[in-house]
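Enquirer: my questions concern the predicted model and sequence given below.
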Amino acid sequence: MNILAPVRRDRVLAELPQCLRKEAALHVHKDFHPRVTCACQEHRTGTVGRFKISKVIVVGDLSVGKTCLINRFCKDTFDKNYKATIGVDFEMERFEVLGVPFSLQLWDTAGQERFKCIASTYYRGAQGKWLGEERQWLADALKENDPSSVLLFLVGSKKDLSTPAQYALMEKDALKVAQEMKAEYWAVSSLTGENVREFFFRVAALTFEANVLAELEKSGARRIGDVVRINSNDSNLYLTASKKKPTCCP
Ligand SMILES: Nc1nc2c(ncn2[C@@H]2O[C@H](COP(=O)(O)OP(=O)(O)OP(=O)(O)O)[C@@H](O)[C@H]2O)c(=O)[nH]1
Ligand SMILES: [Mg+2]
């Protein structure tokens, strides 16, 4: 029985959303990895789409706009009054990627120093992150995770506050920082909504892709969709038999 409400039509991804700047992107492929597309077509995505929920942790200095960014995407609202986040909040967002349900838990942490210790306990198991200028955030957040399983995004906030000339100057530096951190660069405005949806869709898509690839890797010889036959008369109790040969995967 499916007790979940259907995924909103505006959270459906049929194609890979593109990066903002090719110079600082996690990858620049036009489409999802062919193994991922194939696995989705053949319903071989394992725990992705069933139980798995990916964690996205938004970190950065106080008042840089973390809460507003999440609220613009999740609730399409914007509050010009600043209310500091205390500890940590979270929102759940459900997507459908290549026909497979996929959930992201968006964790909104406090930028204020005195709440930082609370936030750091939530970093564990995170797969996507957003960072302000302070690089200490990156070090703290990565301490709790295997860096190879984390996707990093460096987001410039409040784009509406700069003139195009000011922005162009800032972007040059930001791209350099993103390259050094091996992060994908984005610039958004929660006030106008510019790039907010594009950014979260890109996060969802790349996280989904990485999860499915990891799942396929894990299944290895035991391909997702195989059946395990148990025969008590057999000295070799566990035999795996492939139900269906994949048709399009290498
Ligand atoms: N002009 C403009 N103001 C913004 C934007 N995003 C956030 N702000 C303002 O910046 C202030 C801080 O925003 P928050 O989202 O609360 O900041 P935060 O990073 O969550 O702060 P902490 O919870 O203390 O860590 C608020 O007054 C917002 O209205 C934006 O895109 N443009
Ligand atoms: Mg906040």
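Expert: Yes, it's here. Residues are numbered from 1 along each chain as shown. Ligands and ions are numbered 1, 2, ... in the order given.
Enquirer: near ligand 2, which residues of the chain are found?
Expert: If contact is defined as Cβ under 5 Å from the ion, the residues of the chain in contact with ligand 2 are 66-67, 85. Every C-beta, even on glycine, is put in place using the N, C-alpha and C of the backbone.
Enquirer: tell me where the longest helix sits in this protein.
Expert: helix 196-219 (DSSP state H).
Enquirer: circling back to that earlier point, just among the residues of the chain next to ligand 2, which is most surrounded?
Expert: Within those, most neighbours by other Cβ atoms under 10 Å means residue 66, with 28 neighbours.
Enquirer: need the contact list for residue 175.
Expert: Contact partners of residue 175, counting by Cβ atoms under 8 Å, 6 or more residues apart in numbering, are 21, 23-24, 185.
Enquirer: for it, give me phi and psi.
Expert: phi -60, psi -40 (degrees, to the nearest 10).
Enquirer: can you name the residues that contact residue 209?
Expert: Residue 209 is in contact with 16, 32-33, 36, counting by Cβ under 8 Å, 6+ apart.
Enquirer: tabulate those residues (CSV), appending secondary structure.
Expert: Supplementary listing: the contacts of residue 209 in CSV, determined by DSSP: H, G, I helix; E, B strand; the rest coil:
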residue, secondary structure
16, coil
32, coil
33, coil
36, helix
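Enquirer: which among the contacts of residue 175 count as buried?
Expert: Applying a neighbour-count criterion of 16 or more other Cβ atoms under 10 Å, the buried members of the contacts of residue 175 are 24, 185.
Enquirer: what about residue 138, how many residues close to it?
Expert: Residue 138: 19 surrounding residues under other Cβ under 10 Å.
Enquirer: just to be sure, it is in a helix?
Expert: Yes - checked against three-state DSSP, residue 138 lies within a helix.
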